[in-house]
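Asker: Starting from these lines, generate the structure:
(chains A and B)
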Amino acid sequence: MNSFNLSYLRQLESESIDIMREVAAEFKNPVMLYSVGKDSSVMVRLAQKAFYPGRIPFPLMHVDTGYKFPEMYKFRDEFCKKIDATLIVERNEQWIARGCHPLKMGVDKCCSYLKTGALLDALRKHGFDAAIGGARREEEKSRAKERVFSLRDSFGQWDPKNQRPELWDIYNTRVNEDESMRVFPLSNWTEKDIWQYIKIENIPVVPIYFAQEREVIVRNGILIPVYPGLTGLEDANGKIVQEKTKKIICRFRSLGCIPCTGAIASKAVTFDEIISEVRAATKSERENRVIDLTSDSSMEQKKKEGYF
Amino acid sequence: MPTGEKSLLRFVTTGSVDDGKSTLIGRLLYETKSIFEDQYMAIEKTSKKKGLKEVELAYLLDGLAAEREQGITIDVAYRYFETEKRKFIITDSPGHVQYTKNMVTGASKADCAVILIDARNGVLTQSKRHGFLISLLQIPHLIVAVNKMDIVDYSQDVFTRIVEEYKDYSQKLDIHDIIFIPVSALKGDNVAVKSKKMPWYEGATLLHNLENLNVSADRNLVDFRFPVQYVLRPNANFRGFAGKVVSGTISPSEEVVALPSGKITSIKAINTYDGELTEAFAPQSVVLTLNDEIDVSRGDMIVRKKNLPLIENSLEAIVCWMDDEPMTINSSFIMKHTTRSVRASVKSIVYKIDVNTLHRQRAERFLLNDIGRVEIKLAAPIFFDLYKINHATGRFILIDPLTNKTVAAGMIRDAARHVEDYVSAETEEGVKQKKSPHTVWRDHHIGLAEREKQSGHKAVVLWFTGLSGSGKSTVAMELERRLFEHGCKTVMLDGDIIRHGLCSDLAFSVADRKENIRRAGETAKLFFEHGHIVLCTFISPFKEDRNFVRKLFDSGRFVEIYVNCPIDECQRRDPNGLYEKARSGKISGFTGIDSPYEAPEQPEILIDTRAFPLDKCVDVIEAYLTKHKVVYQSNK
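Answerer: Numbers count the residues shown, from 1 in each chain, chains lettered A, B, ... in the order given. Just a heads-up that it's a prediction; the model follows:
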């Protein structure tokens, strides 16, 4: 490395740290949304760096649907304890109790109640004025249009046509009483960057990102993992109805709720193997996320309603 | 090269509607294998739904439903790709007239700009406008991609014509590195692969250029500036200042000063999660600890003792207005500059720039997308450098305190009016070397007010215009003699003398006359700023050119003197035999013979050299100067 030259990963790191410090300095009651995935893991590491040797000055909040992978819950609790972070878990108990499930209500409605609704309720309940999220512009085309500091109205809604200009690295953090800010410190990171960074920083991630043999159902080319009681395709005894299950060596490229997250066939068991796989990928990382596929504008619609 | 060591290039792409920008980006992504199948399938589906025969690559970029509906790009979008050498962030900026705001937003972070020009259409106003904005934002590198070469049969002539035309225009701008590439985004010529269709083009492909631009030299590594962002106090033993080194470098034990307190201390350590550093440099985010317990909080700035920024509560800046509500004088804002937010108000509008012609205009207010120079007053001082010297500390945003909207982007041109340079994008030489802000700040600048106090008179520009032979020089020389004898500091800029030296490269075409007057005006300004009474005698036949000079000065500082004399009398005088030569066709473009003279409509002073003798004419001017307190009784 030349003198005074920062590699691109260190440039991205510095930019993200700068953004998080700006949030901590300018908002009264910020929170970091923690979804347990790889991006969250990176975000937490960046927050640790931003405030070292101090503690992360805001809580982490996991908006849980109850449908996450068991490995995710285990990882979440151990990880947060280990790094001494304050963890808040919020769920839309009312709709979880009513058995809200994508196969029963449709993907859009289920997401709307269990994710968007739960998130908005939780932000209101705690009075958070800024929520830091791990969304990246590369992930999806409406996200490519999002500002780093993205203003939301009192209903948590995004108005894509009326965004504040965002100039240089000077962020307008001002919000009115009933508005709030979503902040995306990973805006300029790509999936490749995330894995590279996880590798060089040796950041812990949920083990199901790595390949192992899993029981799955193959539907429309998507490998849906079988988790008794959670997949929603089984009868009272936990037996899968209609469709046949298969054992396939696979891994998860991105993590969401079990019924809506497909695995991909893969043998990658190390960071390097994952990185080469991501490099060679011909499909985007959200290929296995049922939530983005309903229409060309589905993500934009969700974001307008308050989703991340 | 290990991936983590790759360098980063942020570039902005812009062009007019249908220049093929989306296709070009699509091509770049495609050639670098950055388009995913499922993304492609999603836009394929949309394209089919719209009844299109081919897949519209633009949909890949137009992320909003409204954009796909209307087939236009509304907002800035970001794209990412990488090659073996570099990682790239593309800011895709809409080219529509009404979206200058987004262009500025998109371009603000870029190291390089790629402007697309449709080979069939040539250089449009839009392409010029984009160049102007790029120059204004001081983006260090510009690539002009002349697209759709396939449609013009890969014609070298077409390409050369566009290059010449754009070069001609860009000379007026502050752009130093400009590369022209003939491409066909559709067919892939010269995008990532060298075209076989254009053997006459010897340069490299677009991608090759993007991969090899040297951007590390564009940073300011001289002036250490550390705006304090957040104070870390995890326990009683640790007090650290978190922030980003926005420019320069710093090491432990170096002596520093905290602004605004002015307290001097030294760096104890540079702390990071990964251990202490022996040196920090831009743009690293670090934590500094200091050897003395001094009061430092967010919004303060830590700098080297011997390299201070400007510390002022008024400044002049070029602002781009981005709000639907117009900006008016005295409106009040919050300025966010580095990590500091202060109350600000626009004290005056110096001028507005017509981005199509680059002319400066008087303006009472700025509308959405207007750009110009304003004077800003601040409720508390900020610590800044000129944008030209240090981007990071020379820029700011204005926020409307009522709506909280970001209403303007600003680039600081100067500290305060009395040391103004009035240099704008259209005339600025690219002073790239980094001045020591210390010298800029106090040592070398004697303000105009101070100079005027010492010389005992005001500085003013007396602009004599009139036909050749009307008596401009004669009147001016007599006036200068009188002023000189009263002890005034005077300078005379005579059209003929200037044309022998400074403007000896210029002829008498409209464009050359314009340039001649521009140079004269700028020269007058230099003397003016040093407290002189500047007497300029130029035929200056065109109103527009005279007004250009007028706008370089505050009102009252530029006095237009119309030396009126009928042409037949001038011809009769013909002191240099020029009318004779013009009539016999030996010289052409001579004012009054075969080139027009546009008489001033409202000159400050009008004198008639045929009706009145020389003494009387000079008396009239002298009376004016006394009345307007340019010269005081003590001078006389």
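Asker: Spit out the contact partners of the closest residue to B:Leu625 other than its chain neighbours.
Answerer: Once flanking residues are discounted, B:Leu625 sits nearest to B:Val631: 5.0 Å by CB to CB, 6 or more residues apart in numbering or on different chains. All C-beta spots, glycine's among them, are computed from the backbone N, C-alpha and C. Applying CB atoms under 8 Å, 6 or more residues apart in numbering or on different chains, we find B:Val631 in contact with B:457-458, B:483, B:486, B:488, B:622, B:625.
Asker: try B:Thr272
Answerer: Taking CB under 8 Å, 6+ apart as the test, what B:Thr272 contacts is A:49, A:52, B:286-287.
Asker: can I see the domain layout of chain B?
Answerer: Chain B breaks down into these domains under automatic domain parsing: B:3-218, B:225-304, B:310-445, B:450-635.
Asker: And the ones you listed: which comes nearest A:Ser16?
Answerer: Nearest to A:Ser16 among the domains of chain B is domain B:225-304 (8.6 Å), distances taken as CB to CB.
Asker: Tell me, what's the model's pLDDT at B:Arg442?
Answerer: Looking at B:Arg442, its pLDDT is 36.
Asker: Relative to A:Pro59, which of the contacts of B:Val631 is nearest.
Answerer: Of all those, A:Pro59 sits closest to B:Lys458, with 63.7 Å by CB to CB.
Asker: so how many other residues sit close to that closest one?
Answerer: Counted with other CB atoms under 10 Å in any protein chain shown, residues neighbouring B:Lys458 total 21.
Asker: is it true that it touches B:Asp554?
Answerer: No: in this structure, B:Lys458 is not within contact of B:Asp554 by CB atoms under 8 Å, at 10.9 Å.
Asker: Scan the chain for its longest helix.
Answerer: Since no chain was named, I'll use chain A. Longest helix in chain A, counting residues (DSSP state H): helix A:8-26.
Asker: not quite, I wanted chain B
Answerer: From DSSP H, the single longest helix across chain B is helix B:510-529.
Asker: tell me what the helix or strand following it is packed against?
Answerer: With elements assigned by DSSP states H and E, the helix or strand that comes after helix B:510-529 is strand B:533-537. The contact analysis (3 or more CB pairs under 8 Å, 6 or more residues apart in numbering or on different chains; DSSP states H and E) places strand B:533-537 against strand B:460-465, helix B:472-485, strand B:490-494, helix B:510-529.
Asker: tell me the average confidence for the next helix or strand along the chain from the third one?
Answerer: Per DSSP H and E, strand B:490-494 leads on to helix B:495-500 as the next helix or strand towards the C-terminus. Along helix B:495-500, the predicted confidence averages to a pLDDT of 84.
Asker: in helix B:495-500, what counts as buried?
Answerer: Buried residues in helix B:495-500, counted by 16 or more other CB atoms under 10 Å in any protein chain shown: B:495, B:498-499.
Asker: same thing with stretch A:269-284?
Answerer: Neighbour-count burial for stretch A:269-284, with 16+ other CB under 10 Å as criterion, is recorded at A:271, A:274-275, A:277-278, A:281, A:284.
Asker: now swap in stretch A:212-226 and tell me
Answerer: A:214, A:216-217, A:222-226.
Asker: Keep only those of the residues you listed that are in strands.
Answerer: A:214, A:216-217, A:222-225 (DSSP state E).
Asker: farthest-separated two in the residues you listed?
Answerer: Of all pairs in those, the most separated under CB to CB is A:Arg214 and A:Ile222 at 13.2 Å.
Asker: What distance do you get for B:Pro381 to B:Leu398?
Answerer: Using CB to CB, to the nearest Å, one gets 17 Å for the distance from B:Pro381 to B:Leu398.
Asker: ok, the two, which is more surrounded?
Answerer: B:Leu398 (30 against 16).
Asker: and the more buried one, that one's in a strand?
Answerer: Yes: counting by DSSP: H, G, I helix; E, B strand; the rest coil, B:Leu398 is part of a strand.
Asker: Contact partners for it?
Answerer: By CB under 8 Å, 6+ apart, the contact list for B:Leu398 reads B:319, B:333-335, B:344, B:406-410.
Asker: Spell out the secondary structure type for B:Lys167.
Answerer: Following three-state DSSP, the label given to B:Lys167 is helix.
Asker: what sits against it?
Answerer: Here B:Lys167 is in contact with B:Ile178 (CB under 8 Å, 6+ apart).
Asker: re earlier: include pLDDT and distance to A:Thr261 when you put the ones in strands among the buried residues of stretch A:212-226 into JSON lines, please.
Answerer: Formatted as JSON lines, these follow (pLDDT from 0 to 100; distance: CB to CB, whole Å):
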{"residue": "A:Arg214", "pLDDT": "89", "distance to A:Thr261": "12"}
{"residue": "A:Val216", "pLDDT": "86", "distance to A:Thr261": "11"}
{"residue": "A:Ile217", "pLDDT": "83", "distance to A:Thr261": "13"}
{"residue": "A:Ile222", "pLDDT": "78", "distance to A:Thr261": "9"}
{"residue": "A:Leu223", "pLDDT": "84", "distance to A:Thr261": "10"}
{"residue": "A:Ile224", "pLDDT": "82", "distance to A:Thr261": "8"}
{"residue": "A:Pro225", "pLDDT": "82", "distance to A:Thr261": "8"}
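Asker: restrict those to contacts with chain B.
Answerer: When contact is defined as CB under 8 Å from any CB of the partner chain, those do not meet chain B at all.
Asker: out of those, who's nearest chain B?
Answerer: A:Ile222 (11.0 Å; CB to the nearest CB).
Asker: isn't that closest one right next to A:Gly262, touching?
Answerer: Yes: contact criterion CB under 8 Å: A:Ile222 and A:Gly262 qualify, at 3.6 Å.
Asker: hang on, the earlier thing: list the contacts of the longest helix of chain B.
Answerer: Against helix B:510-529 from outside (CB under 8 Å, 6+ apart): B:420-422, B:427, B:448, B:459-461, B:463, B:491, B:493, B:495, B:498-499, B:502-503, B:506, B:534, B:536, B:538, B:540-542, B:544-546, B:548-549, B:552-553, B:557.
Asker: Whichever of the residues you listed end up buried, select them in ChimeraX.
Answerer: Filtering these down to the buried ones (16+ other CB under 10 Å) takes a single ChimeraX command:
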select /B:420,422,427,448,459,460,461,463,491,493,495,498,499,503,506,534,536,538,540,541,542,545,546,548,549,552,553,557
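Asker: What's the first helix or strand after the least confident helix or strand in chain B by mean pLDDT?
Answerer: Ranking every helix and strand in chain B by mean pLDDT, DSSP states H and E puts helix B:437-438 at the bottom, with a mean of 33. Remark: after helix B:437-438, the chain's next helix or strand is helix B:448-455, criterion DSSP H and E.
Asker: Quick one: mean pLDDT for that following helix?
Answerer: For helix B:448-455, the mean per-residue pLDDT is 82.
Asker: again, but for stretch B:332-342
Answerer: For stretch B:332-342, the mean confidence score works out to 95.
Asker: For that stretch, which residues meet the burial criterion?
Answerer: B:333-342.
Asker: Of the domains of chain B, which shows the lowest average pLDDT?
Answerer: Across those, domain B:310-445 gives the lowest mean pLDDT, at a mean of 79.
Asker: re earlier: now tabulate the domains of chain B in CSV and tack on distance to A:Ser187.
Answerer: What follows is the domains of chain B, written out as CSV (distance: least, CB to CB, whole Å):
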stretch, distance to A:Ser187
domain B:3-218, 7
domain B:225-304, 16
domain B:310-445, 17
domain B:450-635, 41
